[in-house]
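A.B. asks: Provide a 3D model corresponding to the input given below.
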Amino acid sequence: MIGKKLIIQFVLVLSLLFSGIVSAQNFFNTDYDPNKSYILLAHPTVQNIKTVQYLIENQIWFVGETEFIGIYFYSENYDYNKSIRYIRDNELETFHLQRLTGTFFLESLYEENDFSSNFNVMFEQSKGLILFGGPDIQPEAYGEENTKSIVTDPDRHLLELSYVFHLLGGKQNPDFVPLLEKNPRYFVIGFCLGMQTMNVATGGTMIQDIPLELYNLTDTTAIVEMDQDKLHRNYWQEIFDSEQLMSVNFHPLKLNDDGFFRKEIKWKQPVSPPVLSSHHQAIENICEDRWEVTATSVDGKVIEAIRHKKYPHVFGFQFHPEVPALYENMDSLRFSPSDPLRSYHQRIGKAGVKFHKNIWKRITKTLD
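C.D. replies: Presented below is the predicted three-dimensional model:
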């Protein structure tokens with residue numbers, strides 16, 4: 001692919017006045033210890049750091065002595081000074097930050113570029129990458145016009161897409177040798193937007209709005225009248241203004257026979273317990289030579305989970321197994337105005353908790 005070069009670099013210390021702040025965001029160049037193991041966290045907001053803390057402290061995710069490096073682009077739509085202060089004020093010695101700066105060009109996301117050497121460093125000095133949820137990817141990144149996407153953080157997507165492409169390769173550039181060829185056991189795990197990023201980075205495309213493109217519906221009243229298993233977020237909140245209405249939906253998944261969930265998540269039933277869903281977009285075209293679809297919506301129209309065919313620790317979930325409220329009673333909310341108040345924990349039940357914890361057991365195995 002011929003295009004302008006993607007220019008990204010680790011942030012440099014520009015003045016002694018700001019050296020403390022910069023140092024807190026420049027981990028690879030200041031405090032990296034080759035004797036330790038690290039996991040990369042994309043988009044390390046305070047909320048995402050708290051989520052990782054919760055999973056570890058409540059023995060849902062076992063990471064041993066592994067530490068975390070949050071990676072982010074300097075112009076993301078988030079104030080990472082909040083993350084710096086949170087890590088400092090709570091004395092989180094196992095959480096670190098790496099701020100990246102430079103200029104992105106869409107034309108060079110999926111090729112060798114000026115940041116490729118730094119991607120290689122990030123890869124060689126970590127065991128894996130976690131990709132969290134977030135807003136819509138700009139359709140230009142997968143060669144389409146924007147019809148129903150709401151793009152609020154474009155630079156975040158550019159960084160994550162380019163790094164994941166370097167890790168996994170993609171049909172946009174079939175001659176490119178992915179970094180995982182050097183270490184096929186490196187893990188890449190994505191939740192919601194994270195899974196969508198994995199798809200787009202490898203050459204896939206997106207359904208920009210599920211109700212419109214899959215069910216030919218634009219009217220919110222008609223959307224909420226559909227079977228609840230076909231709703232992938234809560235549209236009732238667009239009709240009623242109430243703090244008691246949750247923004248998410250819970251629905252089961254159809255699990256592929258003898259696939260990832262049966263063998264590795266150890267779930268023998270063809271349908272899962274309810275999972276937390278919060279999205280209006282979904283995978284459209286997928287690179288079938290690279291990905292196995294491991295779960296869909298009950299009606300089969302939405303891809304809910306994928307697994308890489310070559311690399312054993314690369315998989316993604318369209319739903320959210322990372323949300324702390326799944327694992328204990330927290331706030332009680334309604335799905336619709338007539339729905340009784342219940343917590344997320346109550347909505348998934350004991351079977352749902354077991355199902356989600358089994359997912360984290362499988363994620364834990366990626367560290368072995």
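A.B. asks: Now do the contacts for the nearest residue to Q237 once chain neighbours are set aside.
C.D. replies: The spatial neighbour of Q237 that comes closest, neighbours along the chain excluded (CB to CB, 6 or more residues apart in numbering), is L245 at 4.7 Å. Any C-beta I mention is one placed from the backbone N, CA and C, and that applies to glycine too. Residues near L245 by CB atoms under 8 Å, 6 or more residues apart in numbering: 234, 236-237, 333-337.
A.B. asks: Please name the bridge partners of L245.
C.D. replies: R334 (DSSP bridges).
A.B. asks: Next, find the distance separating Q172 from P154.
C.D. replies: From Q172 over to P154 the distance is 18 Å, taken as CB to CB, to the nearest Å.
A.B. asks: Check H279 too.
C.D. replies: 18 Å.
A.B. asks: what do you get for I49?
C.D. replies: 23 Å.
A.B. asks: May I ask which helix or strand encompasses K354?
C.D. replies: helix 344-365 (DSSP states H and E).
A.B. asks: thinking again about what came up before, just the buried members of the contacts of L245?
C.D. replies: Buried by 16 or more other CB atoms under 10 Å: 234, 236-237, 333-335, out of those.
A.B. asks: residues near N58, how many?
C.D. replies: 12 (other CB atoms under 10 Å).
A.B. asks: which ones are touching it?
C.D. replies: 324, 327-328.
A.B. asks: Quick check: pLDDT value at it.
C.D. replies: With respect to pLDDT, N58 scores 98.
A.B. asks: next one: the one 3 residues further on
C.D. replies: As summarised for this prediction, W61 has a pLDDT of 98.
A.B. asks: which residue sits closest to it, ignoring its sequence neighbours?
C.D. replies: L55 is the one closest to W61 (CB to CB, 6+ apart), at 4.0 Å.
A.B. asks: Tell me which helix or strand that neighbour sits in.
C.D. replies: With DSSP H and E as the test, L55 turns up in helix 46-57.
A.B. asks: Tell me the first helix or strand C-terminal of that helix.
C.D. replies: Following helix 46-57 in sequence order, the next helix or strand is strand 67-73 (DSSP H and E).
A.B. asks: Give me the below-cutoff pLDDT ranges for the chain.
C.D. replies: 1-23 (pLDDT under 70).
A.B. asks: tilt between the lengthiest strand in it and strand 67-73?
C.D. replies: Counting by DSSP state E, the longest strand found in the chain is strand 95-103. Strand 95-103 runs at 20 degrees relative to strand 67-73, counting by axes from the mean of the first three to the mean of the last three CA atoms, to 10 degrees.
A.B. asks: send the alpha carbons of strand 95-103 over as CSV?
C.D. replies: Output in CSV follows, covering the C-alpha atoms of strand 95-103 (Å, rounded to 0.1, in the frame of the first residue of the first chain):
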residue,chain,number,x,y,z
PHE,A,95,0.4,0.2,36.7
HIS,A,96,2.4,2.4,34.3
LEU,A,97,1.6,4.7,31.3
GLN,A,98,3.2,5.2,27.9
ARG,A,99,2.1,8.3,26.0
LEU,A,100,2.6,8.3,22.2
THR,A,101,2.8,11.3,20.0
GLY,A,102,3.0,11.9,16.2
THR,A,103,0.8,12.3,13.2
